[in-house]
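S.K.: Predicted structure and sequence below. I'll ask about it afterward.
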Amino acid sequence: MSERVTVTLPADLVDCIDSFERNRSRFISEAVRHEIARRRRARLLQSLKSPHPEASEFAETGLAEWAASLPAGDEELVDLTAGRPVRWIKGKGWEARKR
């Protein structure tokens, strides 16, 4: 499903778009998708550098303790042997931990 929008661009930018693509809508749609993906990655990186306080609490508690707190019968939901151990260092971020 598409929605029509009106966007005003400088003439030289439109000329540049036309030199790459005849379908301006497709070009602009692609450019906007790339920019949205870039901003999402940037937001995620910022979140990893400065996590929500609840995430920090979870990191301090540790996955093993959290998994142990799950109701009985749900053990297969978390594979404690998968992945790699990490720890959160305040002001520094996630750091790999020796097994």
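M.R.: Cool, the structure landed.
S.K.: Check whatever residue is furthest in space from the centre of the chain and give its pLDDT.
M.R.: In terms of distance from the mean C-alpha position of the chain, A11 ranks first, at 34.4 Å (C-alpha atoms, centre = their mean). pLDDT, A11: 97.
S.K.: and what of A59?
M.R.: The model's pLDDT for A59 equals 69.
S.K.: low pLDDT regions in the protein?
M.R.: For the chain, the stretches with pLDDT under 70 are 56, 58-61, 63, 74-75, 99.
S.K.: Just give me the residue closest to the centre of it.
M.R.: So for the chain, C-alpha atoms, centre = their mean, it's L44, sitting 4.0 Å from the centre.
S.K.: and the gap between it and R38?
M.R.: Per C-beta to C-beta, to the nearest Å, L44 is found 11 Å from R38. Heads up, the C-betas are built off the backbone N, CA and C, glycines and all.
S.K.: any shared contact partners between these two?
M.R.: Residues touching both L44 and R38 (C-beta atoms under 8 Å, 6 or more residues apart in numbering): there are none.
S.K.: how about the strands in this protein?
M.R.: Ranges of strands in the chain, per DSSP state E, are 86-89, 93-96.
S.K.: Thanks a lot, see you next time.
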